[in-house]
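*Asks:* model this:
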Amino acid sequence: MRLAPVPLFFRRHPKYAVEYSGLSGLITHGDEKVYDACRYYSALIVAAVNKEPKEELLEENFYEKHKQWFAGKSLHPDIERIAQGSYRKQEGYDKGIRGKGYIVNALEAALWAFLSDQGSFENGVLAAVNLGDDTDTTAAIYGQLAGACYGFGELREDWVEQVYAKDFIECLSKWIVYDGKKWSPKQQVVQKIPYVTIQPPLEDDNASSLVQKKNLFGRRASKSPTEQLNSQSNFFSKFEQFTGLNANHRLRANTVIDRPSNLKSGSEA
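*Replies:* Next up, the predicted model:
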């Protein structure tokens, strides 16, 4: 649902658009299908923005024609099946197209709507929503590709006027276009992020296991107390620099979620 800004920003560098789109999905969905669905759909969006005709976007050999964008990585079989046209079902819902929110179903449903919209963004949105189930997910996924293909001018004005924070979104979109034009792979800054690789459970009945544990977790205590304090100071300094807020600032929550009155805890049941 949130994919489009990534391929739009990197549209001049398709390989990076595809890879970073896949990684963006892994932030919240640690699944190979999600990674490949995002990569494939990102490639479609990049191709659409770069004026490839709709007919070519829907070709069964789209992946093969743009294989260099995928850095030699094949697609998961479930995503490959969709790329090869599993969504080409004229009857849609009656033939099993479902917008249930699950990535495979949602991608297939969005592409079915794109195929069936007769060149009309409005038709496609209505087709996606009328599939039922997880309607906002299906329509949002459809809208990213259809918007890239048809352009902003094809959107219904009355729909655009109802979009929440419309001015902010338009401003942010212009920034994505502007900053994306200036970006190049040479500007990349690779940061080393400390991490611990989780190993299989260790046995405690021999001395070697203690050595293993020290090797596994010893990196966490590699900094002296003074170094740790300096790192914290640098962080708070950067926080204040980029946000304009004091490091002790605490955001106030605007939403309070109460337990539904019809639910009881185990002790109350």
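*Asks:* Please count neighbours and contacts with C-alpha atoms only from this point.
*Replies:* OK.
*Asks:* What count of nearby residues applies to the closest residue in space to Lys166 that isn't next to it in sequence?
*Replies:* In space, and not counting its chain neighbours, Lys166 is closest to Val160: 7.6 Å by CA to CA, 6 or more residues apart in numbering. By other CA atoms under 10 Å, the residues close to Val160 number 11.
*Asks:* swap in Glu170?
*Replies:* Neighbour count for Glu170, taken as other CA under 10 Å: 11.
*Asks:* so which strand or helix has it?
*Replies:* Counting by DSSP states H and E, the element that carries Glu170 is helix 166-182.
*Asks:* Can you spell out which helices and strands pack onto that helix?
*Replies:* The contact analysis (3 or more CA pairs under 8 Å, 6 or more residues apart in numbering; DSSP states H and E) places helix 166-182 against helix 5-9.
*Asks:* what's the helix or strand following the helix it packs on in contact with?
*Replies:* The C-terminal neighbour of helix 5-9 among helices and strands, as given by DSSP H and E, is helix 14-26. With contact meaning CA atoms under 8 Å, 6 or more residues apart in numbering, helix 14-26 is reached by 3, 6-11, 34-40, 42-43, 46, 68-71.
*Asks:* cool, stretch 48-56 as well?
*Replies:* Contacts of stretch 48-56 (CA under 8 Å, 6+ apart): 8, 11, 57, 62, 145, 148-149.
*Asks:* Keep only those of the residues you listed that are in helices.
*Replies:* Per DSSP state H, helices hold the following members of the contacts of stretch 48-56: 8, 57, 62, 145, 148-149.
*Asks:* Domain parsing of this structure, as residue ranges.
*Replies:* The chain is divided into the following domains under automatic domain parsing: 5-187, 192-258.
*Asks:* mean pLDDT for the ones you listed: which is lowest?
*Replies:* With a mean of 47, domain 192-258 has the lowest mean pLDDT of the domains of the chain.
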